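[1] Using only what follows, build the 3D model:
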Amino acid sequence: MDRNTKIICIVFVVIILGLAIYTFAPIHRSYSIENASYDLTVHDYGKLHVDEVYDYSFKGEYNGTYRNIPLKFGENITRLKVSAEGAYPVVEQSDTSGEKNLKIYLYMDSKHTQKVKDCDVRIKISYDMDNVVRLYRDIGTLQYKLWDKQWDVGVKNLYVTVHLPGDTNNTFYLDPEKFTRTSSLEADTITAKATDIPKGEIYELLVVMPRDDFYPHALWAQHIDANGKDEIISNHNESISSLNFWDMMLNIYVIIALAGPAILIGTYIICGREPKVDYDGIYERELPSDNPPEAVNALFAQTSEIGTPDMQGFEASILNIIDKKVIDIKAQDNEDLILIFKEDRKHELSSSEQKVFDALSAFAADNVLNLSTFRNRLTNQSNAKSFMKKFNDWKKQVEEENREDVKRFFNTKGSKITGWVGSAGFFLALIMFFSAALFPTYDMRVWAMRMAVVVGIIGIVSFFLPADYVGQWTPEGRVLHLKWKNFKKFLEDNSLIEQHPPQSIVIWKKYLIYGAALGVADNVYKAMKLQVPNINEYNDNIFLYHSFNGFSLMHSAVKAGQYWSNPSSSSGGSGGFGGGSGGGGGGAF
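    Below is the predicted model:
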């Protein structure tokens, strides 16, 4: 048994032992959330104000609590305030991709020397949210997760108050209904109480309001130029009905949870062990092969689907086209980055590069595109769909151009198996979370949740396992993969570049282009500025593209295109259960 196989077996045993310890070990400390309340105010100009209150009961010593609030594309949180009763708080805020994170340290004394222990603490969080309310032609909607599956514990009592901009023709839904004990709508105020929401469940509010209750140009809401009422109600009804269907599938999920680790280990043993090759290089200074940058990105920079390029490959291809002088660059007023397309030289590009050229020039006026405003144009759904079709056509073209190299360099059987296991495991874990509360006894619900955790872990691990770990390189592919990996290591390490700096600006340009394909363009540019003090004198277009944030602008535009080409599916479907804003999770640490 080789070293990697032993590691996988050890991880599997640790998961099983950890589950057993979690099940049978005595609990030395614990906490609960006895009561939580949400007070939501929907303003007629589209902004949503949120007041959250959580009553924590601590048994044992704790550092504090945390709260993670997910933000969909375009959503924003402002005027955030945190306070506590029963303890002295110290709040840390951070923002990760698509999430606002709060860490609230709690102390028994004002000097912050004693952690909270064996006490009750009330945490208050208030903030405003932008672009959560959706305004259609016929209605306004608010879909908001009052409780989410990411909380570490359940809640005993949840109190809800919602203040609406108008007092007539409002409709609301609270799902799943089994948690709701009381609910009412009087004039412009919704009140409700839910009880015994377990860990891993979602409790969600959907409100449908008259469009006339809002200003025509409400600045802090999402505006959708379509009628929405029929589709939203239909999505809501279908989504709630589907939750009940999966109650029949739980026994199968338990079997999958137990079978998952065996499938992963077996797949690695059969398909994942790499051939031994005669290569022991530490780093590479020269390009290991003459593949174009988008091919290097697809073949040697990917960990999920080898042969399929990503956004970094698209950006590297743009740089290469700029270097070929088929796209010109200029900075307008030292702010806007302008792309100028030379149609008469398009024939000099490869087929995949022509796809990149076409995807961008389609949005140009007189062969000129302002990249600084490109993202805004892709918030239009028609434009977004058109761009994403061209972007996906480019991906397919690169896949086609490198199909033979993929077969030559890599055996994808193992990665296909784990990809299927990951997708199935992640999907089934979500279903188990939703349906665990339907079991007739508490013990069965607990075990269903634990199996869901196992399935979720196996699914996530399977889904994100590098393709080259569960797949298998051929001897030739293995050598090339190691060389490109070491070339990336060279580009990432400024000290190595300082020891072996390129002797010409042409090599620096190649480093920047291929650094983009490998995801380390910023490292290359920083090293270049250190090693070439007079870089601004070269006035080269690919340096201009980087210095004026071309990567960031293009990345933002593609993300906008991905979202707005199908905004409803990106958010779970308007009206569909679990697709609302808010939610997230929290707990104690």
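
[2] What are the boundaries of the helices in the stretch 101-250 of the chain?
    Using DSSP state H, counting those that start in this stretch, the helices of the stretch 101-250 of the chain run over 229-245, 250-267.

[3] likewise the stretch 451-589 of the chain?
    In the stretch 451-589 of the chain, the helices defined using DSSP H, counting those that start in this stretch lie at 467-470, 475-492, 494-499, 505-518, 521-531, 541-547, 550-564, 567-570.

[4] Among those helices, show me which one is buried the most.
    helix 505-518 (a mean of 22; mean count of other C-beta atoms under 10 Å). In short, each C-beta sits where N, CA and C put it, glycine included.

[5] what helix or strand is residue 388 on?
    For residue 388, the host element (DSSP states H and E) is helix 381-401.

[6] angle of that helix against helix 550-564?
    110 degrees (axes from the mean of the first three to the mean of the last three C-alpha atoms, to 10 degrees).

[7] Worst mean pLDDT among the helices of the stretch 101-250 of the chain?
    Of all these, helix 250-267 carries the lowest average pLDDT, namely a mean of 71.

[8] Count the residues that sit near the closest residue to residue 351 other than its chain neighbours.
    Nearest-residue entry for residue 351: residue 397, 5.7 Å, with adjacent residues in sequence omitted and distances by C-beta to C-beta, 6 or more residues apart in numbering. Neighbourhood size, residue 397 [other C-beta atoms under 10 Å]: 19.

[9] And the closest residue to residue 541 other than its chain neighbours, which helix or strand is it part of?
    Spatially, and ignoring its direct neighbours in sequence, residue 541 is nearest to residue 329 (4.1 Å; C-beta to C-beta, 6+ apart). Using DSSP H and E, residue 329 falls within strand 327-332.

[10] tell me the angle of that strand relative to helix 550-564?
    100 degrees.

[11] For the next helix or strand after strand 327-332, buried residues please.
    Going down the chain from strand 327-332, the next helix or strand is strand 336-341, by DSSP H and E. By neighbour count on 16 or more other C-beta atoms under 10 Å, the buried set for strand 336-341 is 337, 338, 339, 341.

[12] first to last residue in stretch 150-166, what's the distance?
    33 Å (C-alpha to C-alpha, to the nearest Å).

[13] can you give me the mean pLDDT across it?
    In this model, stretch 150-166 has an average pLDDT of 94.

[14] let's number from 646 now, not from 1
    Fine by me, first position is 646 from now on; the one you just mentioned is stretch 795-811.

[15] Flag every buried residue along that stretch.
    For stretch 795-811, by 16+ other C-beta under 10 Å, it's 795-796, 798-805, 807, 809-811.

[16] Rebuild the residues you listed as CSV, extending it with distance to residue 767.
    Shown next, in CSV, are the buried residues of stretch 795-811 (distance: C-beta to C-beta, whole Å):
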residue, distance to residue 767
795, 21
796, 17
798, 16
799, 18
800, 14
801, 14
802, 14
803, 15
804, 13
805, 17
807, 21
809, 27
810, 29
811, 32
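
[17] Which pair of those residues spans the longest distance?
    Taking C-beta to C-beta as the measure, the buried residues of stretch 795-811 span a maximum distance of 36.5 Å, between 798 and 811.

[18] for the stretch 946-1095 of the chain, what spans make up the helices?
    Assigned by DSSP H, counting those that start in this stretch, the stretch 946-1095 of the chain shows helices spanning 956-968, 996-1006, 1019-1022, 1026-1046, 1048-1054, 1058-1080, 1087-1109.
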